[in-house]
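Enquirer: Sequence first, then the predicted structure:
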Amino acid sequence: MSEDLCLRVERKSGEQIRKLMLRRGLLDHSRRIAAVGGFVFIPLSRSPTPPELEEAGAASTVEVCSEKLPAQEPKSSSLPEILSGRLPPELVFRLPRSYDVVGDIMLLETLDPELAPYRGLVGSALLEMNPGLKTVLVKVGKVEGEFRVPRLEAIAGLHSFETIHMEYGLRLKVDLSKAYFSPRLGYERHRVAQAVNDGETIVDMFAGVGPFSLMIAKRAMVRVYAIDKNPDAIDLLRENMGLNMLRGEVIPICDDARAVAEKIPHMADRVIMNLPGSSLEFLEAATKFLRESGGNIHLYTFTPDQTLAEAKERLLKATQKIGGRFELRNSRVVKPVAPRRWQAALDIFFVADRPIPSPL
Ligand SMILES: C[S@@+](CC[C@H](N)C(=O)[O-])C[C@H]1O[C@@H](n2cnc3c(N)ncnc32)[C@H](O)[C@@H]1O
């Protein structure tokens with residue numbers, strides 16, 4: 001890694017991107033940010049991955065470059081410094097380096113088991129460093145079960161699982177203990193919403209608290225069927241409909257997405273399938289929602305390689321069982337989820353190869 005590695009961004013987006021780099025663990029704390037003309041240079045500890053760059057690029061023109069930046073003045077606000085003398089020195093290297101922010105909650109993916117006896121201390125220090133945040137939560141165990149809700153432990157602050165998260169101007173009430181929500185999909189939701197045209201009918205098959213559905217309905221005059229099996233997610237989605245000025249209509253449905261496809265088939269122009277662990281199993285149901293003239297499917301899946309070759313192969317196999325014409329129009333890595341595991345987006349266009357019988 002170059003010692004001069006940094007990100008050049010427009011000055012107006014400097015703070016937003018600094019926070020993003022901090023959350024992704026990309027900020028180099030040993031060097032200072034510098035402003036030159038209409039740009040700021042943000043020091044980086046490593047090269048950003050293509051999805052990280054794309055995420056930053058949604059807010060500003062960004063460019064990875066090499067620039068000599070002044071060294072950071074020593075100050076006592078880094079986590080190791082705040083905890084100095086209160087934590088065994090050998091544990092300093094095990095302190096968390098990155099986290100997600102959901103509203104006023106700091107969400108840690110994991111906490112090193114050796115830090116378990118000190119978790120309250122570590123959590124309080126993290127809040128001290130981030131005065132705008134009110135609670136620190138840690139994921140304990142994998143996101144499991146049909147509703148994809150992680151098991152969480154509150155380690156500091158208000159111990160609240162509920163907050164209001166802002167995303168591209170959308171207000172989202174979330175309760176991380178009751179319904180799935182990830183702030184890391186913000187750019188992806190923005191990308192999909194931008195592809196939508198007025199007049200479309202959309203099915204969000206796994207809507208959760210509604211971030212895709214609401215981001216789309218905020219932008220466009222559409223009708224969105226927002227389906228989720230988790231009643232808590234649908235309750236929050238209803239609340240979120242009231243928290244936002246929407247141009248389109250959102251129809252919440254608490255049911256199994258496959259069952260809904262049988263009840264309201266062939267009326268959608270676009271289907272969103274954000275259930276990456278098993279979306280391909282629901283692909284046939286997604287095609288049932290689409291009009292005879294065809295439509296778009298935004299399918300999310302996990303993949304072990306950033307070329308997405310494995311994901312595309314699984315998609316091909318799934319489509320061969322279904323019939324009809326599938327065209328993969330775009331694919332991209334959305335975010336890393338574990339070592340050598342990424343979430344991928346596959347944008348597909350589907351047309352049935354034979355007339356669909358009328359449901360009437
Ligand atoms: C990964 S979350 C995505 C939530 C939301 N789209 C988002 O971006 O935050 C998947 C959601 O699918 C829901 N789900 C799982 N199986 C389902 C099914 N068969 N029918 C409808 N919803 C389902 C879960 O309850 C969960 O809220």
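Expert: Received it, and whenever you're ready, just let me know what you need. Numbers count the residues shown, from 1 in each chain.
Enquirer: C-alpha only now, for contacts and for neighbours.
Expert: Noted.
Enquirer: Met21 reaches Asp28, doesn't it?
Expert: No: contact criterion CA atoms under 8 Å: Met21 and Asp28 do not qualify, at 9.0 Å.
Enquirer: Show me which of the two is the more surrounded one.
Expert: Summary of the neighbour comparison: Met21 and Asp28, criterion other CA atoms under 10 Å, with Met21 having more neighbours (23 against 19).
Enquirer: Shouldn't the more buried one be within a helix?
Expert: Yes: assessed with DSSP: H, G, I helix; E, B strand; the rest coil, Met21 lies in a helix.
Enquirer: for the ligand, what are the nearby residues on the stretch 251-360 of the chain?
Expert: Listed as neighbours of the ligand in the stretch 251-360 of the chain under the rule CA under 6 Å from any ligand atom: 255-257, 274-275.
Enquirer: Just the buried ones among these, please.
Expert: Burial by neighbour count, judged by 16 or more other CA atoms under 10 Å, picks out 255, 257, 274-275 from these.
Enquirer: and Gly169, how many neighbours?
Expert: When neighbours are counted by other CA under 10 Å, Gly169 comes out with 10.
Enquirer: Between Met21 and Asp28, which contacts overlap?
Expert: Leu44 (CA atoms under 8 Å, 6 or more residues apart in numbering).
Enquirer: ok, the biggest strand by length in the chain: who's next to it in the sheet?
Expert: What stands out as the longest strand in the chain, according to DSSP state E, is strand 325-338. Strand partners for strand 325-338, identified by DSSP bridges, are recorded as strand 341-351 (antiparallel).
Enquirer: Please export the C-alpha coordinates of the partner strand as PDB.
Expert: Taking only C-alpha atoms (Å, rounded to 0.1, in the frame of the first residue of the first chain), the coordinates of strand 341-351 have been written out as PDB:
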ATOM      1  CA  ARG A 341     -18.200 -14.000   0.200                       C
ATOM      2  CA  TRP A 342     -20.000 -11.100  -1.500                       C
ATOM      3  CA  GLN A 343     -23.600 -10.100  -2.000                       C
ATOM      4  CA  ALA A 344     -24.200  -9.700  -5.800                       C
ATOM      5  CA  ALA A 345     -27.000  -7.900  -7.700                       C
ATOM      6  CA  LEU A 346     -28.200  -9.600 -10.900                       C
ATOM      7  CA  ASP A 347     -30.500  -7.400 -13.100                       C
ATOM      8  CA  ILE A 348     -32.500  -9.700 -15.400                       C
ATOM      9  CA  PHE A 349     -35.100  -9.100 -18.100                       C
ATOM     10  CA  PHE A 350     -37.700 -12.000 -18.400                       C
ATOM     11  CA  VAL A 351     -40.200 -12.700 -21.100                       C
END
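Enquirer: Name the residues of it that come out as buried.
Expert: Residues 342-351 are the ones in strand 341-351 that count as buried (16+ other CA under 10 Å).
Enquirer: What's the mean pLDDT across it?
Expert: Strand 341-351 carries an average pLDDT of 96.
Enquirer: Can you give the contact residues for that strand?
Expert: So strand 341-351 is contacted by 276, 287, 292-306, 308, 311, 324-337 (CA under 8 Å, 6+ apart).
Enquirer: Emit the ChimeraX select command for whichever of the residues you listed are buried.
Expert: Selecting only the buried entries of those in ChimeraX, with 16+ other CA under 10 Å as the criterion:
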select :287,292,294,295,296,297,298,299,300,301,302,303,304,306,308,311,326,331,332,333,334,335,336
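Enquirer: got the contact list for the longest strand of the chain?
Expert: Under CA under 8 Å, 6+ apart, the answer for strand 325-338 is 50-52, 184-185, 188, 306, 308, 319, 342-353.
Enquirer: For the residue in the stretch 1-150 of the chain that the ligand sits nearest to, give its distance to His165.
Expert: Of the residues in the stretch 1-150 of the chain, the one nearest the ligand is Phe147, at a distance of 3.3 Å by CA to the nearest ligand atom. The gap separating Phe147 from His165 is 20 Å, by CA to CA, to the nearest Å.
Enquirer: that older thread, in helices, which of the residues of the stretch 251-360 of the chain next to the ligand fall?
Expert: Ala257 (DSSP state H).
Enquirer: which is the next helix or strand following whatever helix or strand Gln194 lives in?
Expert: For Gln194, the enclosing helix or strand under DSSP states H and E is helix 186-195. Next in sequence after helix 186-195, counting helices and strands by DSSP H and E, comes strand 201-204.
Enquirer: got a list of contacts for that following strand?
Expert: 212-213, 222-227, 267-273, 289.
Enquirer: so which of those is the most crowded?
Expert: The residue in the contacts of strand 201-204 with the most neighbours, by other CA under 10 Å, is Ser213 (32 neighbours).
Enquirer: residues in contact with that one?
Expert: Neighbours of Ser213 in contact, by CA under 8 Å, 6+ apart: 204, 207, 224-226, 250.
Enquirer: What segments of the stretch 1-150 of the chain are helices?
Expert: Taking DSSP state H, counting those that start in this stretch as the test, the helices found in the stretch 1-150 of the chain are 14-23, 50-57, 79-82, 119-129.
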